[in-house]
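Trainee: With the input below, show me the fold.
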Amino acid sequence: MQNWNLLFRRTHLYLGLLLIPWMLVYALSTVVFNHRESFRVGHQTDPLWRPLWEKEVTFQVPSDPAGLRAAVKSLLDENGLKGAFFARRQGERLNINVQNFWHPRRVTYDFTTKKLRAEGRPFAATEVLTRLHERTGYRQGGPLNNLWAFFVDLFSVATLAWIATGLYLWWKLSATRTWGWLAIGGGVATILTLVTTL
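Mentor: Numbering: from 1, shown residues only. Have a look, this model is predicted:
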């Protein structure tokens, strides 16, 4: 039993240390999400997107999603735009968002005028934090995108293990069991109240 206690203590300790940078990313970016206007003080007049270039392009959009993705990737490659992206057609316009932590790009194609337009977002440290929070992988292709997605999955599993080991260690300390139940009950009651009333 003593060996199990030591194993759980060490697991909880080192998982906590492993999670520090990821917890910081998600905690700080959530503060930015929740108080976005406060972090834009002094930058209210800056445009969110600045034009980079515009050119005439003839572009045919396949009807199937896989064909669309392949065609958009070729279009971006031809115009020197690399990175993970999302593409969506809305009427006579194709919207493409090219992900990048530091310098994201927004590309639009107008089927009526046959104009391809690229815009960039000015650098802001708080914006980098929110992009770290929102970034997804796996479907984007490329080893680094998959590695990012893998570490996000690893973070999720490690967090669950950290919670489980914390619960185990709390339960082993009978002196703090009452306060622990109050803390857990308070957390559950708070989230249930907000979920059912908002």
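
Trainee: Please identify the buried residues of the lowest-mean-pLDDT helix or strand in the chain?
Mentor: Within the chain, confidence by mean pLDDT, DSSP states H and E is lowest for helix 36-39 among all helices and strands, at a mean of 78. Neighbour counts over helix 36-39 (16 or more other C-beta atoms under 10 Å) mark F39 as buried. Quick note: C-beta positions are derived from backbone N, CA and C, even for glycine.

Trainee: do the same with stretch 113-122
Mentor: Neighbour-count burial for stretch 113-122 flags L116, R117, A118, E119, G120, R121 (criterion: 16+ other C-beta under 10 Å).

Trainee: Break this protein down into its domains, please.
Mentor: Domain assignment for the chain by automatic domain parsing gives 2-39+145-197, 50-121.

Trainee: Touching, T11 and T165? I think so.
Mentor: Yes: counting by C-beta atoms under 8 Å, T11 touches T165, with 5.0 Å between them.

Trainee: Could you tell me which residues touch both of those two?
Mentor: When C-beta atoms under 8 Å, 6 or more residues apart in numbering defines a contact, no residue borders T11 and T165 alike.

Trainee: Around the nearest residue to K172 once chain neighbours are set aside, how many other residues sit close by?
Mentor: Spatially, and ignoring its direct neighbours in sequence, K172 is nearest to N5 (6.5 Å; C-beta to C-beta, 6 or more residues apart in numbering). N5 is flanked by 12 other residues according to other C-beta atoms under 10 Å.

Trainee: Okay, strands next: where are they in this structure?
Mentor: Assigned by DSSP state E, the strands in the chain fall at 50-56, 85-90, 93-98, 105-110, 115-120.
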